[in-house]
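Undergrad: A predicted structure for the sequence below; I have some questions about it.
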Amino acid sequence: DLHSFPTRRSSDLHIVRYEHALLAGAPELWRYGLHLRDEVEAQIVELAQRIDPARPWQDVVARIRDEGAPDPTAVLAVYRDLIEDARAFCERRGLANLPDAPLIVEPTPGFLRAVTPFAEYQPAPVYRPGEAARVFVTAPPRTAPRAPLELAQHALPQLRSRVVHESWPGHHLQSAVAQVLSREVRRHVMSQLSTEGWAQYAEDVADEEGFYRDDAVRLLRLVSLLWRAVRIDIDIGLHTRGLSPREAVDELVTRAGLHRGSAEADVARCCLRPTYQLCGAVGRRELLQLRADLRARDGSAFSSRQFHDAVLSFGGLPVPLIRWGLGLE
């Protein structure tokens, strides 16, 4: 039962400082989450009105997802094709040095389905270079009662940003580079602030470079970012502000547009892993600021590819340590 999950005391948010090296406390992060939520929601409303001015954004998103829902037997194949497309795009745009690193797409194992609403990246074992990483995809069986609703969450316009997040230039690129780093600490020490933050930042880069080809894809990418913003609110709320799991599920459903089953899986993960859910959006903020600061420092010498390769050379170390290592602190 989701509502029997324990939530942690505020002292557990020491993770923010000692694992993620952030000086910001829970109140500042919570306020940032609310600000980002409102900012992204305004962008969603504006873009949805451009697509269909007669409907609220939630209805526009639902229509795009329904029309783009894949055949249940083709979900994994769609992910595989888009991952290949994402890698080829990164190569054409020269976004970073791309290592050879196998990646397998397969169904989410049964024991992970309760906490994996859509898809999840699993890196290759650190001490077994050359072994494949995996993207687990939680697609419903054809006979599942909520199958049409859950399949809509794997709609093609939604997946263009999701595969960027999970594969190239997101999680898989960062993990594959870390596998071959010569410094052991950088290979092994991982903060979700950097790993989830990098994957979220990769979605922005793909947007800037033109990987999202139409407004429908951009709209669903923004809805995904809205989900990450709401995750900050529920993560801080569950562990420091007395938010109940039931209230957290309701917020994900009403503010982020998740169906209830996916929202319950997300809240279960949040209860099990304090601070994990806030790291995507907060890590993105830190990396965007780091990029802006380096661009301001280096001027015309700044290169996005050099920036990406430099950040990736630190593996999964927390972003504030990467900032220090790049000479900004």
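TA: Yep, it's here. Numbers count the residues shown, from 1 in each chain.

Undergrad: Against which helices or strands is the host helix or strand of Ala216 packed?
TA: In the assignment (DSSP states H and E), Ala216 maps to helix 215-240. Helix 215-240 makes packing contacts with helix 26-51, helix 57-68, helix 156-166, helix 192-209, helix 245-256, helix 260-272, helix 276-298 when contacts are defined by 3 or more C-beta pairs under 8 Å, 6 or more residues apart in numbering; DSSP states H and E. The C-beta positions use only the backbone N, C-alpha and C, and glycine is treated the same way.

Undergrad: Among the ones you listed, which comes closest to Glu120?
TA: Using C-beta to C-beta as the measure, helix 156-166 is the one of the helices and strands packed on helix 215-240 that comes nearest Glu120, at 7.5 Å.

Undergrad: just to revisit the earlier point, what's the average pLDDT for the helix holding Ala216?
TA: For helix 215-240, the mean pLDDT works out to 96.

Undergrad: Buried residues, it. List them.
TA: Buried residues in helix 215-240, counted by 16 or more other C-beta atoms under 10 Å: 216-240.

Undergrad: circling back: can you list the helices and strands packed on helix 215-240 in CSV and add mean neighbour count and distance to Arg323?
TA: Listed next are the helices and strands packed on helix 215-240 as CSV, based on neighbours: other C-beta atoms under 10 Å; distance: least, C-beta to C-beta, whole Å:
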stretch, mean neighbour count, distance to Arg323
helix 26-51, 17, 17
helix 57-68, 18, 36
helix 156-166, 25, 23
helix 192-209, 24, 11
helix 245-256, 19, 30
helix 260-272, 22, 27
helix 276-298, 20, 6
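
Undergrad: Lowest average confidence across those helices, which one?
TA: helix 260-272 - the lowest mean pLDDT of the helices and strands packed on helix 215-240, at a mean of 91.

Undergrad: what's next to that one, contact-wise?
TA: Helix 260-272 is contacted from outside by 2, 5-7, 113-118, 146, 150, 153, 231, 234-235, 238, 245, 248-249, 252-253, 256, 258, 276-277, using C-beta atoms under 8 Å, 6 or more residues apart in numbering.

Undergrad: Stretch 56-64 too?
TA: Stretch 56-64 is contacted from outside by 44-45, 47-49, 51-52, 55, 152, 155, 157, 216, 219-220, 223, 257, using C-beta under 8 Å, 6+ apart.

Undergrad: Need the per-residue pLDDT for the residue nearest to Asn97 when sequence neighbours are not counted.
TA: In space, and not counting its chain neighbours, Asn97 is closest to Asp309: 5.6 Å by C-beta to C-beta, 6 or more residues apart in numbering. pLDDT, Asp309: 98.

Undergrad: what about Asp309, distance to Val126?
TA: According to C-beta to C-beta, to the nearest Å, Asp309 and Val126 sit 21 Å apart.

Undergrad: What of Leu22?
TA: With the distance defined as C-beta to C-beta, Leu22 ends up 25 Å from Val126.

Undergrad: Sounds good, over and out.
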